[in-house]
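Participant: Fold the stuff below for me.
(chains A and B)
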There are 2 protein chains.
Amino acid sequence: MSFKAGDNYKLTFTVSEDKYKGFIELFNDNNPLHTNDEFARGYGFKGKVMHGNILNGFLSYFIGECLPSKDVIIHSQEIQFKNPVYVNDELAFNATILDVYESVKTVEFKFDFKNNLSKTVAKGKIQIGLLK
Amino acid sequence: MSFKAGDNYKLTFTVSEDKYKGFIELFNDNNPLHTNDEFARGYGFKGKVMHGNILNGFLSYFIGECLPSKDVIIHSQEIQFKNPVYVNDELAFNATILDVYESVKTVEFKFDFKNNLSKTVAKGKIQIGLLK
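Facilitator: I've put the predicted structure just below:
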């Protein structure tokens, strides 16, 4: 088994202008909080807030591409958004295996994303299935 | 308050070839389950399985664009993936407000996505905050 409790993974993701624009083009979420600096400032943000679901796209890459096995599938995910992400923020991603359940071939991770002020912008859990 | 428990929203989303390719281009998740029909068939799927996080992009659109107020922000999401989605699948999305908590300005939804065989492919919950 190439997964064990405590295994830790660290990655860096940048919510670049291209990533932000590409996400809007793909999913058409033009909510003013994400597209209008004035609107976002009116609610106390520094400027337009990046879509939280961009981070879920990063989770797809993490599970699909960065684990010791490619023979995996996501069973469930949960994410809490705790602080705003702004365009060009570089996020430190940290994931740890909480448990490996060999009999049912599942692995549970906890993760967080921190911005360059070391503030947690999002955290959550992912459960994957091992296909073999 | 433009939100009340029991309010129901129905939308249709298609995981088109363009949406699938756009997601890969944006997030670089080329895991063979998502890109190699033979690999996916080896695990009992009909063909390559679409990324579950494409559905999270649809949730972004739902919350950002389809509610009676644009002054909202996602607090948390959880999603369980129950059956595979294949390219060009048309998904019926159904969301219902479970509760509205006026004192803390939050609204909780449950949702599911069903394929054209009426099989639930994913289900979960979203909590949003009302900015005003």
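Participant: could you point out the longest helix in chain A?
Facilitator: helix A:53-65 (DSSP state H).
Participant: Show residues contacting stretch A:112-128.
Facilitator: The contact list for stretch A:112-128, computed with C-beta atoms under 8 Å, 6 or more residues apart in numbering or on different chains, reads A:13, A:52, A:55, A:58-59, A:63, A:67, A:72-85, A:89-95, A:98, A:106-111, B:76. Backbone N, C-alpha and C define where each C-beta goes, glycine included.
Participant: Could you tell me the average pLDDT over that stretch, please?
Facilitator: Taken as a whole, stretch A:112-128 has a mean pLDDT of 98.
Participant: same check, this time on stretch A:60-78
Facilitator: 98.
Participant: What pLDDT does the model give the residue most central in space within chain A?
Facilitator: Centroid-nearest residue in chain A: A:Leu55, 3.3 Å away (criterion: C-alpha atoms, centre = their mean). pLDDT for A:Leu55: 98.
Participant: if I look at it, how far off is chain B?
Facilitator: 9 Å (C-beta to the nearest C-beta, to the nearest Å).
Participant: Count the neighbours of the residue nearest to A:Phe27 when sequence neighbours are not counted for me.
Facilitator: The shortest distance from A:Phe27 to any non-neighbouring residue, by C-beta to C-beta, 6 or more residues apart in numbering or on different chains, is to B:Gly57 (4.0 Å). By other C-beta atoms under 10 Å in any protein chain shown, 26 other residues sit near B:Gly57.
Participant: and if you look at A:Gly44?
Facilitator: By other C-beta under 10 Å, neighbour count at A:Gly44 equals 8.
Participant: what about it, which SS state?
Facilitator: When classified by DSSP: H, G, I helix; E, B strand; the rest coil, A:Gly44 comes out as coil.
Participant: now do A:Glu25
Facilitator: Secondary structure assignment for A:Glu25 (three-state DSSP): helix.
Participant: and what of A:Phe109?
Facilitator: Looking at A:Phe109 with three-state DSSP, the answer is strand.
Participant: A:Lys48 now?
Facilitator: Secondary structure for A:Lys48, judged by three-state DSSP, is coil.
Participant: pretty sure it contacts A:Val85?
Facilitator: No - between A:Lys48 and A:Val85 there is no contact under C-beta atoms under 8 Å: 10.3 Å.
Participant: ok, which stretches of chain A are strands?
Facilitator: A:8-14, A:72-81, A:90-101, A:106-114, A:120-130 (DSSP state E).
Participant: okay, those in JSON lines with distance to B:Val121 next?
Facilitator: Formatted as JSON lines, the strands of chain A follow (distance: least, C-beta to C-beta, whole Å):
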{"stretch": "strand A:8-14", "distance to B:Val121": "27"}
{"stretch": "strand A:72-81", "distance to B:Val121": "13"}
{"stretch": "strand A:90-101", "distance to B:Val121": "23"}
{"stretch": "strand A:106-114", "distance to B:Val121": "19"}
{"stretch": "strand A:120-130", "distance to B:Val121": "15"}
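Participant: Present the ones you listed as a markdown table; the columns should include distance to B:Gly22 and mean neighbour count.
Facilitator: Shown next, in a markdown table, are those (distance: least, C-beta to C-beta, whole Å; neighbours: other C-beta atoms under 10 Å in any protein chain shown):
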| stretch | distance to B:Gly22 | mean neighbour count |
| --- | --- | --- |
| strand A:8-14 | 18 | 13 |
| strand A:72-81 | 19 | 20 |
| strand A:90-101 | 22 | 16 |
| strand A:106-114 | 23 | 20 |
| strand A:120-130 | 23 | 19 |
